[in-house]
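Undergrad: Got a predicted model here, sequence first, then my questions.
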Amino acid sequence: MKRKNLVYIGNHLRSSAKNPTYSMRLISRLEAEGFSVVASSSHNNKLLRFLDMWMTVVKHRRRCDYLLIDTYSTLNFYYAIVVAWWARRFKLRYIPILHGGNLPNRIKTNPKTLKRYCQGAYTVVSPSAYLANLFESAGICKVEIVRNAIDLSRYTPKANKTFAPNLVWLRALLPLYNPQLAIQAFQRIQSKFPTASLIMAGPGDPQILEECQTLAIEYKLTVDFLGKINQEQWIGLGQKATVFLNTSTTDNQPLSVLEAQAMGLPVVSTAVGGMPFLIDNGADGFLVDRQEPDAMADAVLKILSDESLYKSMSEKALSRAQQHDWPLILEKWKSILN
């Protein structure tokens, strides 16, 4: 079979070899399957990033079998729209990959642009059944679901882990992920379990970090803020934790939640965006209203107060994560691209 040439447009920003972005992991896997992949762009400067994307499409247009376009809901949305316009001019088969948790708002604010973008595509892919349902219900286009993948062999739950009130939170310290909610919930949890611990990891806004630290001091809580961590550190934390907290105000299909489930962690999350498609409420985790620290604390306390419930949720979380193993997801991508 002829080797397929792909151009992958997205925010492939530079990261350490130990902590590659999801898009770079996907590229590596596709290359291992025999695809030739040109990726753009890794520039941190937004203007240079856009120019590099455009120039890459122009340069490789004659040998490009498929053009993959990561599609987010903020500035990258416009990168994607412009790149797709050129793809149509060059008669390239392009495939939008829908990621942005705020794309539902784009359906309301930019319906014609979004419809033209999607209906001119070879096919449209999303890792999220939530986004697929919204796009199809709005009459934008049919969407093929290709889940985000994880390497299950890396996230093996720790054998004979001690059942202890250890909580972990892993996202960026940004308003979108509302880290303050985790601290507010933890205040209530620690009043019931004085030995409970909370570790919060992730890069972000220094001002948000200061607000979180101040809140922890105000509540007289001991919270460990680790900043940005690599994959090995995250796995170490996850294997010691009992519950994973997700406090987003908007979300789609976060890898951190999938990875937590792969380590057998029940996830207590706000019921926003695609989270109800990732968590079976009451079975492998709990969903609560956003901005409700009492509800989040109550859900965590149910798990910490009942070891048999924890074990049941842990097994079901692991079973759900197995649907995202790389070999399964790669077969889906190969069926689309071949």
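TA: Happy to help now that I have it.
Undergrad: all helices of the protein, in order?
TA: Along the chain, counting by DSSP state H, helices occupy 22-32, 46-60, 75-89, 103-109, 111-119, 129-137, 179-192, 206-218, 231-240, 255-262, 275-278, 293-304, 307-321, 326-337.
Undergrad: now the first one against helix 326-337, angle please.
TA: Following axes from the mean of the first three to the mean of the last three CA atoms, to 10 degrees, one obtains 70 degrees for the angle between helix 22-32 and helix 326-337.
Undergrad: same check, this time on the second one
TA: Orientation check (the same axes, to 10 degrees): helix 46-60 against helix 326-337 gives 60 degrees.
Undergrad: Which strands or helices does helix 46-60 pack on?
TA: With contacts taken as 3 or more CB pairs under 8 Å, 6 or more residues apart in numbering; DSSP states H and E, helix 46-60 sits against strand 5-9, strand 36-40, helix 75-89. To be clear about C-beta, it is placed using only N, CA and C from the backbone, and glycine gets the same treatment.
Undergrad: Just name the most buried of the helices of the chain.
TA: helix 255-262 (a mean of 24; mean count of other CB atoms under 10 Å).
Undergrad: Torsion angles phi and psi at the residue most central in space within the chain?
TA: In the chain, the centroid-proximal residue (CA atoms, centre = their mean) is residue 254; its distance is 2.2 Å. Here the main-chain torsion angles of residue 254 (degrees, to the nearest 10) amount to phi -70, psi 130.
Undergrad: What separation is there between it and residue 42?
TA: Residue 254 is 22 Å from residue 42, where distance means CB to CB, to the nearest Å.
Undergrad: Tell me the pLDDT of the residue nearest to the centre of the chain.
TA: In this prediction, residue 254 carries a pLDDT score of 91.
Undergrad: Run through who's touching stretch 220-236.
TA: 16, 18-19, 154-155, 170, 183, 186-187, 190, 197-203, 209, 212-213, 216, 237, 256, 259, 263 (CB atoms under 8 Å, 6 or more residues apart in numbering).
Undergrad: ok, now stretch 63-80?
TA: 4-11, 23, 46, 49-50, 53, 57, 83-84, 87, 92-103, 105-106, 110, 117, 122, 337.
Undergrad: Next: stretch 278-293.
TA: With CB under 8 Å, 6+ apart as the criterion, stretch 278-293 contacts 178, 181, 184-185, 187-188, 247-249, 253, 257-258, 261, 266-272, 275-276, 295-296, 299-300, 302-303, 313, 316-317, 319-320.
Undergrad: Flag every buried residue along that stretch.
TA: 278-279, 284-288, 290, 292-293 (16 or more other CB atoms under 10 Å).
Undergrad: Return the member of the residues you listed nearest to residue 166.
TA: residue 285 (16.0 Å; CB to CB).
Undergrad: And the closest one, how far from residue 145?
TA: 21 Å.
Undergrad: Report pLDDT for residue 1.
TA: 58.
Undergrad: With residue 15 instead?
TA: 52.
Undergrad: again with residue 159
TA: 83.
Undergrad: what do you get for residue 250?
TA: 89.
Undergrad: tell me the contacts of the closest residue to it other than its chain neighbours?
TA: Once flanking residues are discounted, residue 250 sits nearest to residue 101: 4.3 Å by CB to CB, 6 or more residues apart in numbering. The neighbours of residue 101, taking CB under 8 Å, 6+ apart as the test, are 73, 176, 248, 250-252, 272-274.
Undergrad: Please parse this structure into its domains.
TA: 5-146, 152-323 (automatic domain parsing).
Undergrad: Let's see the distance spanning the last one from one end to the other.
TA: I take that to be domain 152-323. Terminal residues of domain 152-323 are spaced 10 Å apart (CA to CA, to the nearest Å).
Undergrad: Distance from the chain centre to it, please.
TA: Offset of domain 152-323 from its chain centre (CA atoms, centre = their mean, to the nearest Å): 14 Å.
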